[in-house]
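Student: Any chance you can model this:
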Amino acid sequence: MASKLAVTAFVSLDGVMQAPGGPGEDDDNGFPHSGWLPPHVDEGFNRIMGEELERADGMLLGRRSYDILSSYWPDVSDEDGGAKINSMPKYVATRSPMTASWRNTEVLTGDAAKTVDDLKRRTDGVIITQGSSGLIRSLQQAELVDEYRLLVFPVVLGTGKRLFAEGTVPAGLRLTSATTTDAGVAFLTYAWTGGPAYGTVA
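Tutor: Numbers count the residues shown, from 1 in each chain. Predicted structure coming up:
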């Protein structure tokens, strides 16, 4: 028994993942570019995200991302897409104890490297992340990420929280799928292969 952990992330071309959805989502450090995702949402984007949710067996969130999603999704009807995300198991990694009101949510209190490693060992299927840049950095440091499912948007932001921040543990990745939407969003899936390979260009 062991789950695969997939980081599903929205990123700009220069790797920024902060506040894609709109103002107020994450204003840390005076981030001036909130809401850079919506102009690129189209049928292709909605299809990709629908498929990602359908094939996920659980969702792992940091505390802030949990607060954002749990303030919206419980009120979304099944007909409008709420059925899958509200019914699937959800896990919140947090250092401080909390009470989760969103249905089917388990709180993982403590060091994420330990609690998420335990979660992967005791569950099956695919667990995806949403947002949660701080949590993702902890998972990268502990080499717990098995796969990256990245929606790369045709915009350069120049500042903000990045998926691969300075000091990220080096990793080798293998491209397993690639597609694009009509709006120019590239959906790229990479499997983690361990450390990077090195060589010399003759």
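Student: now the strands for the protein?
Tutor: Remark: strands assigned in the chain by DSSP state E are 3-12, 58-62, 90-94, 105-109, 125-129, 147-153, 172-180, 186-194.
Student: Point out the most buried one among those.
Tutor: Using mean count of other CB atoms under 10 Å, the stretch among these with the largest mean neighbour count is strand 58-62, at a mean of 24. Where C-beta positions appear, they are placed from N, C-alpha and C, glycine not excepted.
Student: Redo the strands of the chain as JSON lines? Include distance to Pro23 and mean pLDDT.
Tutor: Shown next, in JSON lines, are those (distance: least, CB to CB, whole Å; pLDDT from 0 to 100):
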{"stretch": "strand 3-12", "distance to Pro23": "16", "mean pLDDT": "97"}
{"stretch": "strand 58-62", "distance to Pro23": "20", "mean pLDDT": "96"}
{"stretch": "strand 90-94", "distance to Pro23": "24", "mean pLDDT": "97"}
{"stretch": "strand 105-109", "distance to Pro23": "26", "mean pLDDT": "97"}
{"stretch": "strand 125-129", "distance to Pro23": "23", "mean pLDDT": "97"}
{"stretch": "strand 147-153", "distance to Pro23": "17", "mean pLDDT": "98"}
{"stretch": "strand 172-180", "distance to Pro23": "28", "mean pLDDT": "98"}
{"stretch": "strand 186-194", "distance to Pro23": "25", "mean pLDDT": "98"}
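Student: nearest to Asp118, of those strands?
Tutor: Ranking those by their distance to Asp118 (criterion: CB to CB) puts strand 105-109 first, at 8.1 Å.
Student: quick one: the closest one to chain centroid distance?
Tutor: 17 Å (CA atoms, centre = their mean, to the nearest Å).
Student: counting contacts, what elements does that strand pack onto?
Tutor: Applying 3 or more CB pairs under 8 Å, 6 or more residues apart in numbering; DSSP states H and E, we find strand 105-109 packed against strand 90-94, helix 112-122.
Student: can you list the residues that contact the shortest one?
Tutor: In this case it means strand 90-94. Residues from elsewhere that reach strand 90-94 (CB atoms under 8 Å, 6 or more residues apart in numbering): 58-63, 66, 98, 100, 102, 104-109, 112, 115-116, 119, 127, 132, 135, 138.
Student: report the angle between the axes of that strand and strand 105-109?
Tutor: Here strand 90-94 runs at an angle of 20 degrees relative to strand 105-109 (axes from the mean of the first three to the mean of the last three CA atoms, to 10 degrees).
Student: who does strand 90-94 pair up with?
Tutor: Sheet pairing for strand 90-94, assigned by DSSP bridges, gives strand 58-62 (parallel), strand 105-109 (parallel).
Student: Convert the last one to PDB, retaining C-alpha atoms only.
Tutor: What follows is strand 105-109, C-alpha atoms only, in PDB (Å, rounded to 0.1, in the frame of the first residue of the first chain):
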ATOM      1  CA  THR A 105     -11.000  16.300   5.800                       C
ATOM      2  CA  GLU A 106      -8.300  14.900   8.000                       C
ATOM      3  CA  VAL A 107      -5.800  17.200   9.700                       C
ATOM      4  CA  LEU A 108      -2.200  16.200   9.700                       C
ATOM      5  CA  THR A 109      -0.600  18.000  12.600                       C
END
